[in-house]
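Visitor: Pasted the sequence and its predicted model underneath.
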Amino acid sequence: MAAAEFSGELPPVHFPPGFLWGAAAAAHQVEGGNIHNDWWAWEQAGRVKESSGRACEHWTRYPSDFDLAVSLNHRAHRFSVEWSRIEPKEGEWHDEPVQHYVEVVDALRKRNLEPIVTLHHFTTPQWIASQGGWNNPKIVDAFGRYVERVAKALKGRVRFWATINEPMVYVNMHYLEGIGPPGVRDLRQAFRVTEHMIQAHALAYKILHAHATPDMPAKVSIAMHAGFFVPCRPWHPLDRMVATLTDQVFNVAFIEAITEGRWIAPGIAKVRMPQAKGTLDYLGVNYYGRQFLRAGKGGPGQWVGQGCNLDHHTRQVTERTGMGWDVHPQTIYHILLRWKRLGLPMFILENGTWMDDDAARWRYIARHLYAVGRAMQAGANMLGYCVWSLMDNFEWAHGFGPRFGIIEVDYATQERRIRESGRKLGEVYRTNRLDPTP
Ligand code: FCB
């Protein structure tokens, strides 16, 4: 869509009845007391300036948190199950946490909130992390055994699943940049980890389908972080090559593996992965902003090239979020039209921002949502939209500083306060209508 289409008099966009409006969160970021996973160990080792600790105490406060979501007209909620609670030591299975997640799902259903369940959201039990984690092929079957327990317990209760959250961000953060456990910066390991994640996803897909019931058919995806890589200098052949290659590795390879059963192995040779073919029922999309790339020696372990903060095309630093991330709402439109070719419905499983000024947060959300609406008018088949996040939470390597919530959390008292952006979004959720925001 040309930028001009975003200026001037634009019509409102309308969303269909039954559109799944909601918010997303992840266990380690909100629950508190997740002491058996590798992120906890990483925090205790002083690798993050503060520990996730009690986080938002969502483990016990979930009923009132869901009431707040209902008061904002939500109809869906995405959360993750914490493997390390269910299997804190190898082969030692705990039933109480499983029962807890059954109750969470029932609490959602009671409030007419459609549950969307993520099975791996960046945290891995410490017992397997200490054996090599996702770099150890053993993790595939171990993950399968855990998924089997969850699938059995939630049988007949859950339709939407996200097996693994942002596999390529996971790989990048933990095995290339090394800012999450195990802090590795190694391209070969990164490829192996990716391969194991493809296998684990495919196995989980089969397990979830085996436990689906006729009145609750399984809809399984990953939550794909849709990267959008822009050559810093669009006229420069090397920058263009770097952007294309990164797009291939970061965006295309995993999706090709789980749709067509082909995967680019280390050495960039295509190998067949027949077990992964056709293991995607819908496409979960997470989008935050673009990344600018320029040719040159990347940092240790980076794919190719390096990130750049300047849009060399306009020679300007673009609008940035509190995280320093680029703001470019039109891009979500292009991403949705790009992936429409898979012929699958799509679901925004994360989109949102940290801005110190809540009005800027609302502008970010509204402009992205508007672009989603325009993509739907252009034929993108969308199931719903989950804002990241329901409330402020523990933002991984950045600790509690960043505040992505449409609900503010006072960590000293655990009080929640709905932000104006949350109320405005709630109006869109209620009316299925959004006016353009300049
Ligand atoms: C995504 C993660 C999520 C959160 C947001 C800000 O990449 O999936 O847990 O950290 O970024």
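Guide: Noted; the coordinates are in hand. Only a predicted model underlies this, so the values are computations on that prediction, with no experimental measurement involved.
Visitor: what sits against the closest residue to the ligand within the stretch 1-150 of the chain?
Guide: Residue nearest to the ligand within the stretch 1-150 of the chain (Cβ to the nearest ligand atom): Ala26, separated by 4.9 Å. Glycine gets a C-beta too; all of them are placed from N, C-alpha and C. Contacts for Ala26 (Cβ atoms under 8 Å, 6 or more residues apart in numbering) come out as Phe79, Ser80, Thr118, His121, Phe122, Asn165, Asn393.
Visitor: so how far is whichever strand or helix holds the first one from its chain's centroid?
Guide: Okay, so that is Phe79. Assessed by DSSP states H and E, Phe79 sits inside strand 76-80. Centroid displacement of strand 76-80 relative to its chain, using Cα atoms, centre = their mean, to the nearest Å, is 11 Å.
Visitor: Check stretch 119-128 too.
Guide: 15 Å.
Visitor: now do stretch 388-404
Guide: Offset of stretch 388-404 from its chain centre (Cα atoms, centre = their mean): 13 Å.
Visitor: Same question for that stretch: list its buried residues.
Guide: Neighbour-count burial for stretch 388-404, counted by 16 or more other Cβ atoms under 10 Å, picks out 388-396, 400, 402-404.
Visitor: Next, see if that stretch gets close to the ligand.
Guide: Yes: interface with the ligand: stretch 388-404 contributes Trp388, Glu395, Trp396, Phe404 (Cβ under 6 Å from any ligand atom).
Visitor: Who does the first one form a beta bridge with?
Guide: Trp388 forms beta bridges with Ala24, as assigned by DSSP bridges.
Visitor: Contact partners for it?
Guide: Ala23, Ala24, Asn286, Glu350, Asn351, Gly352, Phe404.
Visitor: got JSON lines for those residues, with distance to Ile264 too?
Guide: Converted to JSON lines, the contacts of Trp388 look like this (distance: Cβ to Cβ, whole Å):
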{"residue": "Ala23", "distance to Ile264": "35"}
{"residue": "Ala24", "distance to Ile264": "29"}
{"residue": "Asn286", "distance to Ile264": "22"}
{"residue": "Glu350", "distance to Ile264": "26"}
{"residue": "Asn351", "distance to Ile264": "28"}
{"residue": "Gly352", "distance to Ile264": "31"}
{"residue": "Phe404", "distance to Ile264": "33"}
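Visitor: The residues you listed: which two are farthest apart?
Guide: Across the contacts of Trp388, no pair lies farther apart than Ala23 and Asn286, at 13.1 Å, counting by Cβ to Cβ.
Visitor: so what secondary structure elements neighbour the longest helix along the chain?
Guide: The helix that spans the most residues within the chain, counting by DSSP state H, is helix 187-210. When contacts are defined as 3 or more Cβ pairs under 8 Å, 6 or more residues apart in numbering; DSSP states H and E, helix 187-210 sits against helix 138-153, strand 160-165, helix 167-171, strand 219-225, helix 253-260, strand 262-265.
Visitor: got the angle for the helix or strand harbouring Cys386 vs strand 76-80?
Guide: Under the criterion of DSSP H and E, Cys386 resides in strand 382-388. Using axes from the mean of the first three to the mean of the last three Cα atoms, to 10 degrees, the inter-axis angle of strand 382-388 relative to strand 76-80 is 60 degrees.
Visitor: Tell me the gap between strand 382-388 and the middle of its chain.
Guide: 11 Å.
Visitor: which residues in the stretch 1-150 of the chain form helices?
Guide: For the stretch 1-150 of the chain, the helices defined by DSSP state H, counting those that start in this stretch cover 27-30, 38-44, 58-71, 83-86, 95-110, 126-129, 138-153.
Visitor: Adding distance to Glu9 as columns, could you present those in CSV?
Guide: Formatted as CSV, the helices of the stretch 1-150 of the chain follow (distance: least, Cβ to Cβ, whole Å):
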stretch, distance to Glu9
helix 27-30, 40
helix 38-44, 48
helix 58-71, 33
helix 83-86, 51
helix 95-110, 40
helix 126-129, 54
helix 138-153, 49
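Visitor: so which of those is the most packed in?
Guide: helix 27-30 (a mean of 26; mean count of other Cβ atoms under 10 Å).
Visitor: Show me what it packs onto, helices and strands only.
Guide: Judged by 3+ Cβ pairs under 8 Å, 6+ apart, helix 27-30 is in contact with strand 76-80.
Visitor: For the stretch 251-400 of the chain, which residues are neighbours of the ligand?
Guide: So far as Cβ under 6 Å from any ligand atom goes, the stretch 251-400 of the chain lies against the ligand at Asn286, Glu350, Trp388, Glu395, Trp396.
Visitor: Now, the residues you listed that are in strands?
Guide: Taking DSSP state E, the ones among those that sit in strands are Asn286, Glu350, Trp388.
Visitor: how near is the first one to Lys110?
Guide: When distances are taken as Cβ to Cβ, to the nearest Å, Asn286 and Lys110 turn out to be 28 Å apart.
Visitor: How about the last one?
Guide: With distances defined as Cβ to Cβ, the gap from Trp388 to Lys110 amounts to 24 Å.
Visitor: same question, Ala371
Guide: To Lys110, Ala371 is 34 Å away according to Cβ to Cβ.
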